[in-house]
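Q: using only what follows, build the 3D model:
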Amino acid sequence: MENGDTKVRGLAARAGGWSARHRWAAVGIWVLFVVLAMGLGSAAGRVDVKDSDQLKGETHTAAKIIEDAGIDEPASETVLIQARDAGGKATDADFRTAVAAVMKAVEGTGKVTDVTSPYDTGTISKDGRSALVQFDMRGEADTAGERVEPVLKAVEGVQKEHESLRIEEIGGASMMKTFDDAFGDDFEKAELSAVPVALGILLIAFGALVAALLPVLLAVSAIMATMGLMGIVSHVMPMSDTANSVMLLVGLAVGVDYCLFYLRREREERQAGRDSQTALRIAAATSGRAIIVSGVTVCVAMAGMLFTGLAEFEAMGLASLMVVAVAMVGSVTVLPALLSLLGERVEKGKIPWLHPESRLRRKRAGNRESRFWTAVLKGVLAKPVVSVVVAAGALLAIAAPALGMKTQNLTLDQEFGDSLPIVQTYNRVNDSFPGGSEPAEVVVKADDINAPEVTAALADFKARAISSGASRGPVEIKLHDAQNLAFVYVPLVGGSDFDKAGQSLDKLRDEVRPATLGKVDGLEAPITGQVAGSKDFNDQLTGAVVPVFAFVVVFAFVLMLLSFRSLTVAITSIVLNLLSVGAAYGILVAVFQHGWGASLVGAEGVGAIITWLPLFLFVILFGLSMDYHVFVVSRIREARLRGRTTKDAIQHGVVTTAGVVTSAAVIMVAVFAIFGTLSMQSMKQMGVGLAAAVLIDATIIRGVLLPAVMALLGERNWYLPKWLHWLPDLTHDETADAVAAPAARDDEGERVRV
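A: Model (predicted):
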């Protein structure tokens, strides 16, 4: 059969063939789609997740009551005045003078309201050394950080006049400003540096500027289109900045990967002597099919986040799902059109020192197999039992620390360390006034907030909150008569220790509230605040773990079963991916919880994994790891269809995909590692977890464990029980010469169903 007569079948092949024949139309449609998506998204505007929709439970109920009442809670600020000398007291004359000076200074800025004296509110510490001046920022809470600087300078001025005292400000607005100044550009720089890093690695991988630019351009265009689609979709399901950042990460990873798979296969076929059009059709039928299988599997994994019931997770899941779908469609449509347009010009901008071998040498070499992985595979396939035991044992040992995983919402000092002065202020406030910086907030709604029985219940609640041991006070009540609401602020015993503060919260919810406010008919009193939000978030997330895990695993299994028509491949895919995720969990716990090697990533003293990360990592990693798995197994299956023995097919499939898998993995690891360098510990944990998992997946899993397991299973790799033969056959996207090759047979001469 001549090159020009090679035919291909299947959805990916038909899409690629149409695009290659109508290349200008395919490129034009893609550009029009990206422009329209961006334009419509910009015109529609993005609707972000509301505070009242962030969580379920009491936190949601409280936020909804406040939102319906039209009350915009201001950003509250606190000035800590503390005697440096152990003998100093709040009753001292100079202390009183400092308090008066602070109140006058902050009022003089015109930026604050409701300034209260500690002598009126009772906000004086038990030891008498510390006192709190409290006030609210004028204007919207979300933008208070932009207006707080004059207030901070006023407090600094008072500090200079009273050096025997420690005078420091802390609150929502001052923390917002401090973190924006210190880390505001941190995340943005990481996002912006991801693209140049990916481009640099692709230049090394391809040795040609045009070939390296294609994957980046495809990924960036997919991301731009998805940003527009997010604006449109947000009117049905609200989005967020976090979802946008996760979408960018996932979009860059899969967009580059898919293009890399396609481009490498097309290049390989040309180097094997095929003409450009034939090479393109074969790439469409093989790598194109792998991209569709992988893309659908990743989309299913991302859809798992929709089952959490958490608005932020749902936004991240939908945004990630959309960018993967867009990148997948672009890879099997506009990419073949561009490759058809470029032809040999895809090699333009060659960098000689990266690939000094001549074109003739590359053609003779045909498919340049990795010498390193060839050597590794030789040992693995020679002793598959030993390889499975050693590799699986190593992964299980790495995963072992995950059995003791402790998850929690990180406190301020855990998240940022003590390098910032405001974190030290936070700790000092919590030491002197346990729970004062993060009080529980009881939102009381009544038909008449000033009714005698309501007033009595509020007073009773205030007294019992302290007598029960849930709080040491002072408990503050703010009335909103017009809306018939009351806000009760209760400092929790335990302060910044979320475990102990959680016990105090349980006392308020389960004991104090039913005995006081709960006795008034028609009264609502949900308890919110940072500790309550953390608890409600954990409860919701814990309840979502099983359904999310089950959904992702079951649907990934079904997709692999349909795509390869092999029960064995489907089962081994799930088991290997779970091993990869488990190992990533183990590394996270070892580094961030136990502190093993924590100094290498600047993570000393964290002691816990942030609550949302394990489920997030599972969904992301389970999806992304399918990229490599589908690509490698597809190549093995293709070689088996061509008549090779299973052992030869395994070696051929692994060593011929080693280069592209390595390049793709290096890009992912490099991009994710950038986020491991950020200042926030939660971002460090995400970056390290993702980078470690991808590295393990591309080396130990795909290079050792997968071929060893498949070598042990032999022809059983392609086993499909007779009672499953009714399943639709989605395995036909093969080149004609593969289909025309003699059917592979086992040792007894029976036709092997591959």
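
Q: in contact with residue 530, which residues?
A: 409, 438 (Cβ atoms under 8 Å, 6 or more residues apart in numbering). (Each C-beta comes from the backbone N, C-alpha and C, glycine too.)

Q: for the one helix or strand residue 455 maps to, packing partners?
A: If you go by DSSP states H and E, residue 455 is part of helix 452-467. Applying 3 or more Cβ pairs under 8 Å, 6 or more residues apart in numbering; DSSP states H and E, we find helix 452-467 packed against strand 440-445, strand 485-490, helix 513-515.

Q: what lines up beside the second one in the sheet?
A: Same thing as strand 485-490. Sheet pairing for strand 485-490, assigned by DSSP bridges, gives strand 440-445 (antiparallel), strand 476-480 (antiparallel).

Q: re earlier: and the angle from the helix holding residue 455 to strand 476-480?
A: 160 degrees (axes from the mean of the first three to the mean of the last three Cα atoms, to 10 degrees).

Q: what does helix 452-467 contact?
A: Here helix 452-467 makes contact (Cβ under 8 Å, 6+ apart) with 442, 444, 446, 448, 471-473, 475, 477, 486, 488, 490, 508, 512-513, 515-517, 519-520, 523.

Q: so the residue nearest to residue 545 when sequence neighbours are not counted, which state does it fall into?
A: Spatial nearest neighbour of residue 545, excluding adjacent residues (Cβ to Cβ, 6 or more residues apart in numbering): residue 615 at 6.2 Å. Three-state assignment for residue 615 (DSSP: H, G, I helix; E, B strand; the rest coil): helix.

Q: related to what we said a few turns ago, give me the buried subset of the contacts of helix 452-467.
A: 442, 444, 446, 471-473, 475, 477, 486, 488, 490, 508, 512-513, 516-517, 520, 523 (16 or more other Cβ atoms under 10 Å).

Q: tally of neighbours for residue 393?
A: Residue 393 is flanked by 10 other residues according to other Cβ atoms under 10 Å.

Q: ok, back up a step: next, format the helices and strands packed on helix 452-467 as a markdown table and append mean pLDDT and distance to residue 670.
A: Output for those, formatted as a markdown table (pLDDT from 0 to 100; distance: least, Cβ to Cβ, whole Å):
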| stretch | mean pLDDT | distance to residue 670 |
| --- | --- | --- |
| strand 440-445 | 91 | 43 |
| strand 485-490 | 90 | 47 |
| helix 513-515 | 92 | 51 |
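
Q: mind listing the helices in the stretch 301-450 of the chain by residue range?
A: 311-332, 334-342, 359-365, 371-382, 384-399, 412-416, 421-432 (DSSP state H, counting those that start in this stretch).

Q: could you dump those to JSON lines with mean pLDDT and distance to residue 43?
A: Listed next are those as JSON lines, based on pLDDT from 0 to 100; distance: least, Cβ to Cβ, whole Å:
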{"stretch": "helix 311-332", "mean pLDDT": "91", "distance to residue 43": "18"}
{"stretch": "helix 334-342", "mean pLDDT": "89", "distance to residue 43": "24"}
{"stretch": "helix 359-365", "mean pLDDT": "40", "distance to residue 43": "49"}
{"stretch": "helix 371-382", "mean pLDDT": "85", "distance to residue 43": "50"}
{"stretch": "helix 384-399", "mean pLDDT": "94", "distance to residue 43": "48"}
{"stretch": "helix 412-416", "mean pLDDT": "75", "distance to residue 43": "37"}
{"stretch": "helix 421-432", "mean pLDDT": "83", "distance to residue 43": "40"}
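
Q: do you know which of those helices lies nearest residue 658?
A: With Cβ to Cβ as the criterion, residue 658 lies closest to helix 371-382 of these, at 4.0 Å.

Q: contacts for that closest one, please.
A: Identification of contacts with helix 371-382 by Cβ under 8 Å, 6+ apart yields 387, 647, 650-651, 654-655, 658, 703-704, 707-708, 711.

Q: now the residues you listed: which count as buried?
A: Burial by neighbour count, judged by 16+ other Cβ under 10 Å, picks out 387, 650-651, 654-655, 658, 703-704, 707-708, 711 from the contacts of helix 371-382.

Q: now do the contacts for residue 722.
A: Shown in contact with residue 722 (Cβ under 8 Å, 6+ apart): no residues.

Q: what residue in the protein is the furthest from its centre?
A: Most distant from the centre of the chain: residue 93, at 53.3 Å, with distances by Cα atoms, centre = their mean.

Q: average model confidence for stretch 154-169?
A: Here stretch 154-169 scores 91 as its mean pLDDT.

Q: now do it: distance to the chain's middle.
A: Here stretch 154-169 is found 41 Å from its chain centre; the criterion is Cα atoms, centre = their mean, to the nearest Å.

Q: now stretch 608-623
A: What separates the centre of stretch 608-623 from the centre of its chain is 7 Å, taken as Cα atoms, centre = their mean.

Q: buried ones in the biggest helix by length in the chain?
A: Scanning the chain for the helix with the most residues, using DSSP state H, yields helix 530-564. Neighbour-count burial for helix 530-564, with 16+ other Cβ under 10 Å as criterion, is recorded at 530-538, 540-541, 544, 548-549, 551-553, 555-556, 559-564.

Q: ok, stretch 117-129 next?
A: 117-118, 123-125, 129.

Q: which of these lies closest to residue 27?
A: Of all the buried residues of stretch 117-129, residue 27 sits closest to residue 123, with 66.4 Å by Cβ to Cβ.

Q: my read: that closest one touches residue 474, true?
A: Yes: using Cβ atoms under 8 Å, residue 123 makes contact with residue 474 at a distance of 6.0 Å.

Q: how deep is the residue nearest to residue 509 when sequence neighbours are not counted tucked in, by neighbour count?
A: In space, and not counting its chain neighbours, residue 509 is closest to residue 527: 5.6 Å by Cβ to Cβ, 6+ apart. Residues within reach of residue 527, counting by other Cβ under 10 Å, total 25.

Q: got a list of what residue 527 touches?
A: So, once contact is read as Cβ under 8 Å, 6+ apart, residue 527 ends up touching 58, 62, 440-443, 505, 508-509, 513.

Q: Throw those residues into JSON lines and include distance to residue 394, thanks.
A: As requested, those are exported to JSON lines (distance: Cβ to Cβ, whole Å):
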{"residue": "58", "distance to residue 394": "45"}
{"residue": "62", "distance to residue 394": "48"}
{"residue": "440", "distance to residue 394": "46"}
{"residue": "441", "distance to residue 394": "49"}
{"residue": "442", "distance to residue 394": "52"}
{"residue": "443", "distance to residue 394": "52"}
{"residue": "505", "distance to residue 394": "42"}
{"residue": "508", "distance to residue 394": "48"}
{"residue": "509", "distance to residue 394": "46"}
{"residue": "513", "distance to residue 394": "52"}
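
Q: now the two most distant members of those.
A: 443 and 505, at 14.3 Å, using Cβ to Cβ across the contacts of residue 527.

Q: what about those two, which has more around it?
A: Between residue 443 and residue 505, counting by other Cβ under 10 Å, residue 505 is the more crowded of the two (26 against 23).

Q: residue contacts, residue 727?
A: 561-562, 565, 720.

Q: and it, which of the three is it?
A: Criterion first, three-state DSSP; result for residue 727: coil.

Q: what about it, distance to residue 285?
A: Look at residue 727 and residue 285: by Cβ to Cβ, to the nearest Å, they are 21 Å apart.
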